[in-house]
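Colleague: Fold the stuff below for me.
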Amino acid sequence: MSNKKRYNIIPVVVIAVLLVIWQGACTFGLVPGYMLPSPVKVVKAFVSDFPLLMSHARVTILEAVLGLVIGVLLGFGCAALMDSFPVVKKGLYPILVLTQTIPPVAIAPLLILWFSYGIAPKVILVVLVAFFPMAVGLLEGFQSVDEDMIRLMKSMDASRWQIFWNVKFPAALGEFFSGLKIAVAYSIVGAVIAEWLGGFNGLGVYMTRVKKSLSYDKMFAVIFFVSAISLILMALVKYIQYKAMPWEHTEDK
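Modeller: This is a model prediction of the structure:
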């Protein structure tokens, strides 16, 4: 077995051990069942409510994807402007950092108040949480380009657009996908947080309902379901990165 495969097995083994300890603690009554349901009960709750969970998940994923796409586009445009115009960077960058000191839970009630209980406030909150990692990551990628390469392109009468597309954008792909992985995870979390405070459908709405009924097995089921969706989306981003940046994994062949 290669070292790479061995390292991939370690997280699986750790998770399996934790699940066994968790199940044992519940089976032998070390933790009250109303506080911590066993993994078996969580799986049973997930299976019994699977159609309902999928119905709510479609709404949450739609909100997350819409907000993510808009956030990525806005982050890309903002990073390009800050890279091209230093004045824009000096004026805008501190505001971007300041916005990250405000927790999404504090913004969500205002969005509900302003835009009612429809899909709009959820999408806007996702845009806000996905925008920052994309803008900052891409800005760092754009500005990491070797100045000699830019001077070489200028000596060949390359336009600003040609320099951006042929030099800066390829150099920033790594940061783009790193920021995209964070934004994908934040998008699901942001959608669920917005749904906590108001809505008719979505995994966040489902969570508030089962919490009020004290169904903690269903609560754990939806928590793991949200985590699984985030991991799947992050794996999809990683796959796209693998295809878009073949030069990064030539040594693996």
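Colleague: Tell me the confidence at the residue most central in space within the chain?
Modeller: Taking Cα atoms, centre = their mean, the centroid of the chain lies closest to A185, which sits 1.7 Å from it. Listed pLDDT for A185 reads 86.
Colleague: tell me which element it is part of?
Modeller: Assignment of secondary structure by DSSP states H and E places A185 within helix 173-196.
Colleague: between whatever helix or strand comes next after that helix and helix 173-196, what angle do the directions make?
Modeller: Reading on from helix 173-196 to the C-terminus, the next helix or strand found by DSSP H and E is helix 203-212. Here the directions of helix 203-212 and helix 173-196 differ by 40 degrees (axes from the mean of the first three to the mean of the last three Cα atoms, to 10 degrees).
Colleague: which residues sit against helix 203-212?
Modeller: For helix 203-212, the surrounding residues in contact (Cβ atoms under 8 Å, 6 or more residues apart in numbering) are 52-53, 56-57, 59-60, 191-196, 199, 216, 218-219, 222-223, 225-226. Every C-beta, even on glycine, is put in place using the N, C-alpha and C of the backbone.
Colleague: The lengthiest helix in the chain relative to helix 203-212, how many degrees between them?
Modeller: Secondary structure of the chain per DSSP state H: the longest helix is helix 50-84. Using the same axes, to 10 degrees, the inter-axis angle of helix 50-84 relative to helix 203-212 is 130 degrees.
Colleague: Leaving out sequence neighbours, find the closest residue to E175.
Modeller: Once flanking residues are discounted, E175 sits nearest to G141: 3.4 Å by Cβ to Cβ, 6 or more residues apart in numbering.
Colleague: for R160, same thing?
Modeller: S84 (7.1 Å).
Colleague: Now do that neighbour, the pLDDT please.
Modeller: Note on S84: pLDDT of 83.
Colleague: I'd like to know how far it sits from L197.
Modeller: According to Cβ to Cβ, to the nearest Å, S84 stands 38 Å off from L197.
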